[in-house]
Structure formats: structure tokens, C-alpha cells
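Just need the structure, nothing else, for what follows:
(one chain, ligands or ions: 1)
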Amino acid sequence: MRYFDTHAHYNDEKFKDNLDEVISEYKNVGVDRVVNIGYNIESSKKAIDLSNTYSNTYVAIGIHPSDVDKSSVSELEELYNKYNNGKIVAIGEIGLDYYWVKDNKEAQKELFKEQIKLANKLKLPIVVHSRDASLDTYNILKECPAKYGTLLHCFSPTDDLVRLVVENGYKVAFGGNITYNRAKSFQSYMDMIPVSQIVIETDSPYLPPVPLRGTVNTSKNLPIILEKLAEYKKIDVEELSEIVYRNSLEFFNIKE
Ligand SMILES: [Zn+2]
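The predicted structure follows:
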């Protein structure tokens with residue numbers, strides 16, 4: 001089986017000493033493509049550097065809502081123009097996070113919209129982070145749609161978001177969070193999302209799946225996530241692995 005990790009942060013400090021080892025471990029379990037996701041200018045640049053060093057690693061550049069005061073969209077565009085190596089496949093992660101900071105909602109929304117516009121200009125899809133902000137995320141994606149694809153990362157279903165995803169054919173990425181204990185309604189949300197719209201991710205180094213909580217998460221744990229997804233979707237694991245792999249290639253516009 002082969003796996004595509006659509007969301008990892010090997011640009012994180014945590015991996016500065018052992019990245020070669022981590023990469024060979026995940027390759028050993030069949031993970032053969034990874035998108036490293038930026039969250040500010042520096043980490044986006046680092047993700048580009050990694051894509052120059054390691055084969056089959058791709059890049060999303062973007063400013064996370066937590067960095068709203070630290071980086072600007074013009075710097076992001078400059079970064080793209082200066083360092084584009086053909087492996088920048090998305091703008092992300094971008095979006096809204098009202099869990100950590102609640103007093104700058106307007107600034108977060110503005111930054112989100114500006115980055116969607118940049119993605120449209122560069123003809124790239126977007127990778128969206130949304131935490132405790134599902135209604136505002138819904139409204140912005142309606143008002144300011146991304147023309148080349150939308151992926152909701154670390155997807156945590158709500159009525160609003162599932163409706164948005166189903167109506168618009170957006171992709172959703174499930175990570176370690178799918179293995180956590182869930183309310184009964186989770187299964188019914190899972191039933192509503194067609195498998196053609198699903199991909200998988202680790203969000204490494206964060207969000208390790210059960211039973212590895214408390215450890216540094218890496219892409220070698222992707223098979224655990226896929227297995228849980230197969231249970232929810234009642235599909236054979238091997239078949240599902242190929243479907244979500246192809247969905248990922250298609251979303252990021254990567255040729256085999
Ligand atoms: Zn992330």
C-alpha cells in the first residue's frame with residue numbers, strides 16, 4: 001500500500017536533528033509523498049528548502065491565523081516569486097483560529113481573504129485551518145471562493161462545515177483526530193462525506209493517533225489513520241489507500 005501525507009510540518013524545529021531518520025522510517029511503511037505546510041514566512045521558506053533536498057516532498061506556503069500580526073501577504077507573494085521551484089502545490093495553512101486568540105477576528109478574516117485571492121492569482125488550491133470558527137469559515141469561503149480547490153485540514157465535522165463541503169465538492173483531510181473517542185454523531189457525518197472528497201494527513205509533529213498520544217507524531221503513523229477511516233467508511237483498506245492517494249494527487253495537481 002502507498003500513502004500520501006497531505007499535511008506535515010517537517011519544517012518544525014523538532015526535526016532539525018533527525019529528519020533523515022524520520023523520512024526513512026515513514027518510507028519504510030509506504031509513505032511516499034508528503035506536503036510540508038508553512039505557517040509563516042520563515043517556515044514556508046524552510047518547507048521550500050526541504051523540497052529542494054528531499055524527493056517527493058511538496059510545499060504549501062501560507063500564514064496561519066496565529067501569525068496574523070507577524071507576516072504579510074505581500075511577503076508571501078515575494079517568497080513565491082523568488083523561490084518557486086515547481087513544488088509549491090498550495091497556499092496554506094490559512095484560515096481562522098478562535099481557540100487561541102479571540103480578540104483579532106477581523107484581522108484574521110482579512111488575512112484569510114487576502115490569501116485566498118493570492119491563491120487564485122497563482123492558480124493554486126488552498127489548505128484551510130479552522131478551529132472554533134466554523135460559521136465564519138463557512139461565510140468567507142462562500143463570499144470569497146478559492147477557484148483551484150479547497151481542502152479543510154484536520155477536519156472536525158459540524159453541520160455548517162459538512163454542508164459546505166458536500167455542496168461545493170471540497171476535500172477534507174482526516175488525521176489522528178479520527179482515532180479519538182467520538183460522539184455518536186461522528187459516524188453520521190462520515191456517512192455524508194463521499195470518499196472521493198477525502199484525503200489523510202498526520203499534522204506531524206502534532207496530533208498523534210491513539211494509542212500514541214503524547215509522542216511526536218510522524219508520517220509513519222499514517223496507516224493507523226487510514227485503518228480507522230476504512231472502518232468508518234466500511235471500505236477495504238487497500239482499496240481506500242489507493243482512492244485517497246489519487247485524491248491527493250488530483251487535489252495538488254501532481255502527476256504520477
Ligand atoms: Zn498544521
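
What is the subsequent helix or strand relative to whichever strand in the chain runs longest?
Criterion DSSP state E: the longest strand present in the chain is strand 88-97. Using DSSP states H and E, the helix or strand that follows strand 88-97 in sequence is helix 105-122.

Toward the C-terminus from that following helix, list the very next helix or strand.
Following helix 105-122 toward the C-terminus (DSSP H and E): strand 126-131.

Note down every partner strand of that following strand and its orientation.
Sheet pairing of strand 126-131 (DSSP bridges) gives strand 88-97 (parallel), strand 150-152 (parallel).

I'd like those laid out as JSON lines, including distance to residue 56 and mean neighbour count.
The way it works is simple: take the backbone N, C-alpha and C, and place the C-beta from them, glycine included. Below are these laid out as JSON lines (distance: least, Cβ to Cβ, whole Å; neighbours: other Cβ atoms under 10 Å):
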{"stretch": "strand 88-97", "distance to residue 56": "12", "mean neighbour count": "26"}
{"stretch": "strand 150-152", "distance to residue 56": "19", "mean neighbour count": "26"}
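
can these go into TSV with extra columns for distance to residue 162?
Below are those laid out as TSV (distance: least, Cβ to Cβ, whole Å):
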stretch	distance to residue 162
strand 88-97	17
strand 150-152	10
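
Now render the ones you listed as CSV, adding mean pLDDT.
Converted to CSV, the strands paired with strand 126-131 look like this (pLDDT from 0 to 100):
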stretch, mean pLDDT
strand 88-97, 97
strand 150-152, 98
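
out of those strands, nearest to residue 213?
With Cβ to Cβ, the closest approach to residue 213 among the strands paired with strand 126-131 belongs to strand 88-97: 21.3 Å.

what's the spacing between residue 42 and residue 201?
As judged by Cβ to Cβ, to the nearest Å, residue 42 and residue 201 stand 22 Å apart.

Which one's more surrounded, those two?
residue 201 (29 against 14; other Cβ atoms under 10 Å).

was I right about that one contacting residue 154?
Yes. Applying Cβ atoms under 8 Å as the test, residue 201 and residue 154 come out as touching, 7.1 Å apart.
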